[in-house]
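**Q** Please find the sequence and the predicted model below.
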Amino acid sequence: MNIKAFKAWCARPDLAAEVASVPYDVVDTAEARALASGKPHSFLHVSRAEIDMAPGINPYSEAVYAHGRDTLHRFQKEGILQQEATPQLFLYRQTMGRHVQRGIVACCSTVEYENKIIKIHEKTRQDKEDDRTRHINTLNAQSGPVFLLYRDDAALDALVSETENKPPRFDFVAADGVAHAGWKFQDPDAVAKAFRKVPVAYIADGHHRAASAVRVARERRALNPNQTGNESYNWFLGVLFPASQMQILAYNRLVKDLNGLTPGAFLEAVRERFTVKPATTPVPAAPGTVCMLLGGTWHELTWTLPAGTTPEGRLDVAVLQERLLAPLLGIDDPRTSKRIEFVGGIRGTAELEKRVAAGEHQVAFSMHPTTVEQLMAIADVGGIMPPKSTWFEPKLRDGLYTHVLD
């Protein structure tokens, strides 16, 4: 792998806590507006610029993208964001309870993405790609990092440990209790050299950001016959973590109706496809188990798989989709169906129980988390996971590091 140091625009250390914002795609407009209320330096004013405009404005209008660009320029002019004088690599540590993950902030190669050295495990949606492509092109910047992982490497661990022992540039605890700290590597060349022994990396979260950055690179290459490959548009902002430090939570499912079936008929149909018994807990204890909430009662679903099942076919979310959601509930494409909702495991099974009890949904499914090893095995063979297979926590924050294109 090749990673590149860059002249990052960094949040001013004393403002880092206020600038740092959740990723643009984990909140809707109303939630973003509430989070940024009273915080004029929040990066949500850049990534979700519609929050500063008239209610009801189309978030995909040219005016919104332009306002995000203008806000970014204002943050730069006012010193809320400050540019490094020389290209740098950074260490970014997140602490969530007892869980700690340490990532290397760098620019990653769009060409290595195209050549599958940077591997994916999800399909992207055209509308979301279009949005982030327009966002990057209008801002001339990548305003949020892609979350990547790599198989652990002792040399990189040593460089990270050495840097972490020095005083951080910023260190704060966000409102959600997650602690964030950052450092500059003293010798970025040593980090980049060590990375050249890492064979591949995997996108954990941020597939749309990465795909959009690659689209921008292709567009700009086509307009630049004299390009060398080192142009900033050929690189995208990422944070790379060792695989052993990743924390994947469950990604649960809620379905609005039973596709015309009565609860009894639906349960009987489920029994024909799974081994069903009363659940002693709403949280699956191991892979190969799904807990289903129907009519106020939790049921445990288990199954056996035929020999030769592909790595992606072995995923619990894939089995649920192929054996139940599609044939029984008529949800053929969970990426586009309006009858299914996905709930990050960080909200717990109490959220599922609340929404079913309120009558918003008729059935809920509590999943066991996909493992990092499953993710890498599927990506290694070019497989694609079903939508919403992984929920990584903690999420990276936007605004701490920004990659501006030349």
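**A** That came through, no problem.
**Q** Could I get the full set of helices for the chain?
**A** Under the criterion DSSP state H, helices of the chain are mapped to 16-19, 29-36, 44-47, 62-77, 110-114, 126-139, 154-164, 188-195, 207-222, 263-271, 316-320, 348-357, 372-380.
**Q** Mind giving me the packing neighbours of the second one?
**A** Going back to what we said before, that points to helix 29-36. If you count contacts as 3 or more Cβ pairs under 8 Å, 6 or more residues apart in numbering; DSSP states H and E, helix 29-36 packs onto helix 44-47. For glycine as for every other residue, the C-beta is placed from the backbone atoms N, C-alpha and C.
**Q** what comes into contact with the helix it packs on?
**A** Judged by Cβ atoms under 8 Å, 6 or more residues apart in numbering, the contacts made with helix 44-47 from elsewhere in the structure are 21-24, 27, 32, 35-36, 51-52, 68, 71-72, 75, 135, 139, 143-144, 398-399.
**Q** Enumerate every residue touching the closest residue in space to K166 that isn't next to it in sequence.
**A** In space, and not counting its chain neighbours, K166 is closest to W183: 6.2 Å by Cβ to Cβ, 6 or more residues apart in numbering. Each residue near W183 by Cβ under 8 Å, 6+ apart is listed here: 90-91, 163-164, 166, 168-169.
**Q** Of those residues, which belong to strands?
**A** Among the contacts of W183, the members falling in strands (DSSP state E) are 90-91.
**Q** Take the contacts of W183 and write them to TSV, including neighbour count, pLDDT and distance to W298.
**A** Written out in TSV, the entries for the contacts of W183 read as follows (neighbours: other Cβ atoms under 10 Å; pLDDT from 0 to 100; distance: Cβ to Cβ, whole Å):
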residue	neighbour count	pLDDT	distance to W298
F90	24	98	45
L91	24	98	43
T163	21	98	46
E164	14	97	43
K166	12	97	49
P168	18	98	44
R169	17	97	47
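**Q** Which one of the contacts of W183 is nearest to P59?
**A** For the contacts of W183, the closest approach to P59 (Cβ to Cβ) belongs to F90, at 30.1 Å.
**Q** So what sits opposite that closest one in the bridge?
**A** Using DSSP bridges, the beta-bridge partners of F90 come out as V105, K184.
**Q** so what's it up against?
**A** With contact set as Cβ under 8 Å, 6+ apart, F90 has these partners: 8, 10, 104-106, 182-185, 401.
**Q** at 10 Å instead, please
**A** Contacts for F90 were tallied using Cβ atoms under 10 Å, 6 or more residues apart in numbering; they are 5-6, 8, 10, 84, 103-106, 163, 169, 182-185, 188, 191, 239, 400-401.
**Q** residues near R151, how many?
**A** The number of residues packed around R151, counting by other Cβ atoms under 10 Å, is 14.
**Q** quick revisit: just the buried ones from the contacts of F90?
**A** 5-6, 8, 10, 103-106, 163, 169, 182-185, 188, 191, 239, 400-401 (16 or more other Cβ atoms under 10 Å).
**Q** For the stretch 201-350 of the chain, which segments count as strands?
**A** Under the criterion DSSP state E, counting those that start in this stretch, the stretch 201-350 of the chain carries strands at the ranges 201-205, 235-242, 248-249, 251-255, 275-278, 289-294, 297-302, 340-344.
**Q** Thank you kindly, that will do.
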